[in-house]
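J.: Output the structure for:
(chains A and B)
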Amino acid sequence: MAETAILYDASKCTACKGCQIACKQWNQLPAPLTAEEYEFTKSYQGPLDLDPDTWLLMTFSEVSMDIGVEWNFMRHACFHCTDAACEMACPVGAISHKDNGAVVIDQDKCIGCQYCVNNCPFSIPRAKVIGGTDYAKSFKCWQCFDRTSADKDPACVTACPTDALEYGDRAEMVAKAKARVDTLKEQGFDKAEIYGENEVGGMHTIIVAHRGLEAHGLIRDPKVPVATSLLDLAKPLSAVGVGVVVGALGFSFAMGSKYKRGEHSYDEKTDTWTIGEVE
Amino acid sequence: MTNHWIDLKNCDVIMVNGSNCAENHPISMKWITEAKLMGGKLVVVDPRFTRTAAVADLYAPLRSGTDIAFYGGLFNYIMENNLQHDEYVKAYTTASWLVTPDYAFSDGLFSGYDTATAKYAADKATWAYQIESEEQWDTTETGKMAWVNGAGTPAFTTPTIKTPKKDATLQDPNCVWQLMKAHYSRYTPELVSSITGMPLDRLLEVYELYASTGEPGKAGSILYAMGQTQHTYGSQNVRAMAMTQLLLGNMGVAGGGVNALRGESNVQGSTDMAMLFHIIPGYMSSPTSVKHPKLADYLSTETPAGSYWTNKPKFLISLLKELYGDYATVDNDYAYDMLPKYDGSNHSHIAMFEKMYNGEMEGLFCWGQNPAQAGPNCGMERKALEKLKWMVAIDLWETETSIFWSEKANATPADIQTEVFLLPAACHYEKQGEIANSGRWIQWRYKAVEPREDQKDDLEICTELVLKLQDLYKAEGGANPEQITELTWDYLDDAGHADITKVARALNGYTVADNSLVKNFTLLAADGSTACGNWIYSGYWNNNDSNEPADQPTGSRNDVDEPGEGLTEPIGSYLGWSFAWPVNRRVIYNRASADPSGKPWNENKILVKWDGTKWLRNDVPDFGFQVVDADGVATPTPPNSTAFIMVPEGAGRFFAPGMADGPFPEHYEPFEAPVENQMSSTQVNPAITIYPTAEETRGTADEYPIVMTTFRLTEHWQSGVLTRNLPWLVQTMPKMFVELSRELAEEKDIVSGDNVVIENKRGAITAYAMVTDRVKPFTVSGKTVHQIGTPWHWGYAGTCSVGGSANELSPNVGDANTMIPESKAFLVNIRKQEV
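T.: Residues are numbered from 1 along each chain as shown, chains lettered A, B, ... in the order given. Next comes the predicted model:
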């Protein structure tokens, strides 16, 4: 199977959240049933962050202008990295790459250590306790591998009314994104750039960020934590026992090299949105 | 829409004004994005910075309720700078027509205003055209109107054709062009900026960009929704858009038009079917006891001298034949007496609730409607519901209306005597039928699943009701029993249940003698030989060989966009996909897409083209393009200058004598406004009706200085009855909120997340504060005016999300022509809720 990718073109996106709902629907992810369980998010972003039952979240950030604002949207979901920190950190091989590049968690194998949660540079996987276990397993976007392996587009892509989302051969998506960035630059979007072509070994989500990475809340030049790479190296040894890996993870904490995204927040006083920083 | 969704890709400039299409019509953005990819520009004029504004090339903020000032300034800009599409204006509009010298306008009032009745003179004598000559319809045996004397056709007085005086040079001071120029010369950019609060340079930027579509061959489209209509001058806003498009030659062209984005998937269908008090199916006036007690009165007063509407008697008699079948004969005026006639006064939503409030109504069916939450001044409307003896709510869920009597509504059930029924309805996947979209496409859809338990589809509920009523009248008699007992209701299957395909046949029309479906409405007759439930739908179900929806035009699904014969490039018409009324036409008035000689203004975007011998067509022509003789031989009709066949003038109207509040749109402030009218001393539209309940709760700027507007979100739907019960959607937008500017928040010591009380004389609600730069204060005649906005989706019913209803605050006052409520600009005050 050739490598594939989702192309998200933020310049065509109207943040209708059709993709977010389609993800919930196809993957049958629940939302709370009573009004008391919901909080006001102070924004059009809802919920405020990814959670084990929300694998795709449209994010909103505002930059004030003389007239109006720049309202920047982003499709926040797993990027399906080639150098996937989650996969490297997983001590039991529950996370793997499919041939098309999708990074998939096998919940049957997941032991609930949450190393993936703590090592992902983008804070994508989230854990929750599921039936029949007493520990929290990890969840995230799996690029609708059930659909793509049956020759269908991921659910989010099918819902997009503006073709801001496309799915196809990765090289083709990269080429499209590059051409689009060129066009946007000609139209005056000086900061337009592509994301995902080379980051963390190349992602399987390619993004056109017409106002630049920072404006859309994307981390420039993300790195797999050094210690996470060590975990990957340590894997062959893990046949001996997960203790070694746990030791290596302790090492990663000690090194302070662990990546973690803070929560998105809004400061009324300075009126600034803070897209979760890398800690 | 005069055009349709796919056609948006053909636009050079799209001006979204009073619509938030990215949020409320997400699919529109598919085609707008396509237009943008081909170099088209998107302009958004809106009081709030919306998700549509987020993808716009140009955003211009405008204080709610000042659209006419904005358009008046645009007319002035275009005319002063000579940017109009000159040839189009001269050939296809009423610019050269002369108006009576008695016409006058002074200090916000047009001539003919009667201060005692607060209305303009009904005869509109001072708004009339000067007449050059008069002639009668040719009803001789060989004449065009010979059908008038046909056997079986009821007698009526045929109208007089009046040919107006014109001045082709447009110099006569009484010609429409000069009157319009004089009227709008008062709307200088500086004054318009001061009224609207739109910064002057941004105003001029928008004018320049949109006026660029006046260049022949360029197309501009205006998209609007409730932001334009829900005002006391909403109809004049729509007039202003039509005038803009005529000035710039954008009517009838691909990528042009005045495009109403319908706020509900089938609201186009519901107006087509006349779910309004003032019309009967097919946009014909409802008969009144004042103007048309008898059939001859109706036909004599309602049949215009010119336009395609000269065929109205054929449409009316065919409708009567469908309603009353064999009972309707020429001898009993085709049962015209059976049609209910109203007294000529207003019976729209606001007027009806006023009557209800005064105890003049006994019962009410709320069929998929939720006035207790969605009606203007809905607290007052709930009080009105208490006066009813009975009320039936028909919906998918419990609604605010169905529990208006409960503690949840802050009511005391023991005090309310209204007997309330809630009938569970089937949802759209649980029934088959058709939906008419904004582009007038009537698309059939099949049932996906059976309704659960005792849910029923609407037609079945209606059928049971009608059959029961017929039984009761047959058994017990009553006043005018024939009105009910003789009514055709044979839309039943073998088991006696409703059969919607039979309704479809009736809507299409058929010849009475052999029950054979007519091809389209051109074959309808006024002599009782044809029956048709709704002439504009005629042709959508005309296949006599099958009763399967998929075999009918409404069910056709050819997704290939094919060019017309002799043309090389298709234009997005998709004539093989569903059926658009009328006669599958996709762009109304498409004759105007070509010059008087038939040469398209834009050879790359052809709708119709005269090639010297015949018309080439990418769309169904909106004009007589050929004459077919009895043997079926077609003779092409060479081009002429009549581009607007549905208006009596045959030409695009800059001057509209039929309006209740003036032939030209004039700026007035809303019913409740933060400032005085800078255009005249006439503060509010002088022709509106203000009921006592509205006047009693009217607020002033001293007490309530903040302008409030209401809006919708992608995440929720109308009154929220569906969406606030769906957790997935609630999660994406969980709580009722109010958008306010940072400046106002500072003034009121409010931060995002605070609970805020919003109040006026009609009520008070709480909402979470969302402090944002997407809303900014306006500078209006030098003073700061704050505006806030809230969605109107919330209420007290529902499972996953409840909250304050914005319509507790909106006034029950409406437009002078239509009575649509003024929900988009009214006054409130806000404060932080003390904890």
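J.: show me where pLDDT drops low in chain B?
T.: With pLDDT under 70 as the threshold, chain B has no low-confidence stretch at all.
J.: I meant to write chain A there.
T.: Scanning chain A with the threshold set as pLDDT under 70 gives A:1, A:133, A:233-279.
J.: got the residue ranges for the helices in it?
T.: Counting by DSSP state H, residue ranges of the helices within chain A are A:18-26, A:85-89, A:115-119, A:145-148, A:155-159, A:170-186, A:226-238, A:242-255.
J.: Pull out the buried positions in stretch B:88-99.
T.: B:88, B:89, B:90, B:91, B:92, B:93, B:94, B:95, B:96, B:97, B:98, B:99 (16 or more other CB atoms under 10 Å in any protein chain shown). To be clear about C-beta, it is placed using only N, CA and C from the backbone, and glycine gets the same treatment.
J.: Quick check: the fifth one touching residue B:651?
T.: Yes: contact status for residue B:92 versus residue B:651: in contact at 6.0 Å, counting by CB atoms under 8 Å.
J.: which residues are in contact with both of the two?
T.: The contact sets of residue B:92 and residue B:651 overlap at B:643, B:644 (CB atoms under 8 Å, 6 or more residues apart in numbering or on different chains).
J.: what's near enough to touch the residue in the stretch 501-650 of chain B that chain A sits nearest to?
T.: Taking CB to the nearest CB, chain A has its nearest neighbour within the stretch 501-650 of chain B at residue B:572, 15.9 Å off. Listed by CB under 8 Å, 6+ apart, the contact partners of residue B:572 are B:6, B:7, B:9, B:10, B:254, B:561.
J.: quick check, nearest of these to residue B:594?
T.: Of all the contacts of residue B:572, residue B:594 sits closest to residue B:254, with 11.1 Å by CB to CB.
J.: wait, is the closest one part of a helix?
T.: No: applying DSSP: H, G, I helix; E, B strand; the rest coil, one finds residue B:254 to be coil, outside a helix.
J.: these two touch, right, it and residue B:8?
T.: No: with contact defined as CB under 8 Å, residue B:254 and residue B:8 do not form a contacting pair (10.2 Å).
J.: Mind jotting down where the strands sit in the stretch 551-700 of chain B?
T.: Taking DSSP state E, counting those that start in this stretch as the criterion, the stretch 551-700 of chain B carries its strands at B:579-580, B:608-610, B:615-617, B:626-628, B:634-636.
J.: Of all those strands, which one is nearest residue B:788?
T.: Put simply, out of the strands of the stretch 551-700 of chain B the one that sits nearest residue B:788 is strand B:579-580, at 39.7 Å, with distance taken as CB to CB.
J.: Counting neighbours, what do you get for residue B:253?
T.: Applying the criterion other CB atoms under 10 Å in any protein chain shown, we find 34 residues in the vicinity of residue B:253.
J.: Pull up the gap between it and residue B:697, please.
T.: 46 Å (CB to CB, to the nearest Å).
J.: Around chain B, pick out the residues from the stretch 51-200 of chain A.
T.: A:54, A:62, A:64-65, A:67-69, A:71, A:73, A:161-164 (CB under 8 Å from any CB of the partner chain).
J.: Let's see that with 7 Å instead.
T.: Counting by CB under 7 Å from any CB of the partner chain, the residues of the stretch 51-200 of chain A lying close to chain B are A:62, A:64, A:67, A:68, A:69, A:71, A:161, A:162, A:163.
J.: Which one of those residues is nearest to residue B:423?
T.: Taking CB to CB as the measure, residue B:423 sits nearest to residue A:161 out of those, at 34.0 Å.
J.: my guess is the closest one meets residue B:29, correct?
T.: Yes: under the criterion of CB atoms under 7 Å, residue A:161 makes contact with residue B:29 at 5.8 Å.
J.: Would you mind telling me which of these two has more residues around it?
T.: Each of residue A:161 and residue B:29 had its neighbours counted (other CB under 10 Å), and the higher figure belongs to residue B:29 (27 against 20).
J.: Now that one: which helix or strand?
T.: In this structure, residue B:29 sits in helix B:28-37 according to DSSP states H and E.
J.: excluding its backbone neighbours, what's nearest residue B:45?
T.: Distances taken as CB to CB, 6 or more residues apart in numbering or on different chains put residue B:17 closest to residue B:45, at 4.2 Å, once the chain neighbours are dropped.
J.: Just list the residues touching the one you found, thanks.
T.: By CB atoms under 7 Å, 6 or more residues apart in numbering or on different chains, the residues touching residue B:17 are B:45, B:67, B:222, B:224, B:228.
J.: List phi and psi for it.
T.: Backbone torsions of residue B:17, given as degrees, to the nearest 10, read phi -140, psi 110.
J.: Would you check how far apart it and chain A are?
T.: Distance check for residue B:17 against chain A: by CB to the nearest CB, to the nearest Å, it reads 15 Å.
J.: Ok, residue B:285 next?
T.: Separation of residue B:285 from chain A (CB to the nearest CB): 38 Å.
J.: Give me the nearest residue to residue B:191, chain neighbours excluded.
T.: Nearest to residue B:191 is residue B:678, by CB to CB, 6+ apart, at 6.4 Å.
J.: how many other residues sit next to residue 215?
T.: All of this refers to chain A. For residue A:215, the neighbour count with other CB under 10 Å is 17.
J.: please go with chain B instead
T.: Counted with other CB under 10 Å, the burial measure for residue B:215 works out to 14 neighbours.
J.: again with residue B:63
T.: What residue B:63 shows, counting by other CB under 10 Å, is a neighbour count of 26.
J.: likewise residue B:660?
T.: Around residue B:660 there are 18 residues (other CB under 10 Å).
J.: didn't it look like it was pressed against residue B:818?
T.: No: counting by CB under 7 Å, residue B:660 sits too far from residue B:818 to count as a contact (9.1 Å).
J.: quick one: which helix or strand includes the closest residue to residue B:81 other than its chain neighbours?
T.: The shortest distance from residue B:81 to any residue that is not its chain neighbour, by CB to CB, 6+ apart, is 7.3 Å, and that residue is residue B:211. With elements delineated by DSSP H and E, residue B:211 resides in helix B:200-211, which encompasses its position.
J.: ok now stretch A:127-136, how far from the chain's centre?
T.: Centre-to-centre, stretch A:127-136 and its host chain are 22 Å apart (CA atoms, centre = their mean, to the nearest Å).
J.: typo on my end, stretch B:166-176
T.: For stretch B:166-176, the distance between its averaged C-alpha position and the chain's averaged C-alpha position is 32 Å (CA atoms, centre = their mean).
J.: Give me the residues contacting that stretch.
T.: Counting by CB under 7 Å, 6+ apart, the neighbours of stretch B:166-176 from elsewhere in the structure are B:94, B:95, B:96, B:97, B:98, B:99, B:101, B:177, B:178, B:654, B:655.
J.: now the fourth one, which residues is it bridged with?
T.: What it means is residue B:97. For residue B:97, the beta-bridge assignment (DSSP bridges) gives partners residue B:166.
J.: quick one, what contacts it?
T.: Taking CB under 7 Å, 6+ apart as the contact definition, residue B:97 lies against B:129, B:164, B:166, B:175, B:176.
J.: Most neighbours among those, which one?
T.: Scoring these on neighbours with other CB under 10 Å, the highest-scoring entry is residue B:176 at 26 neighbours.
J.: phi, psi of that residue?
T.: Note on residue B:176: backbone dihedrals following degrees, to the nearest 10 are phi -60, psi -40.
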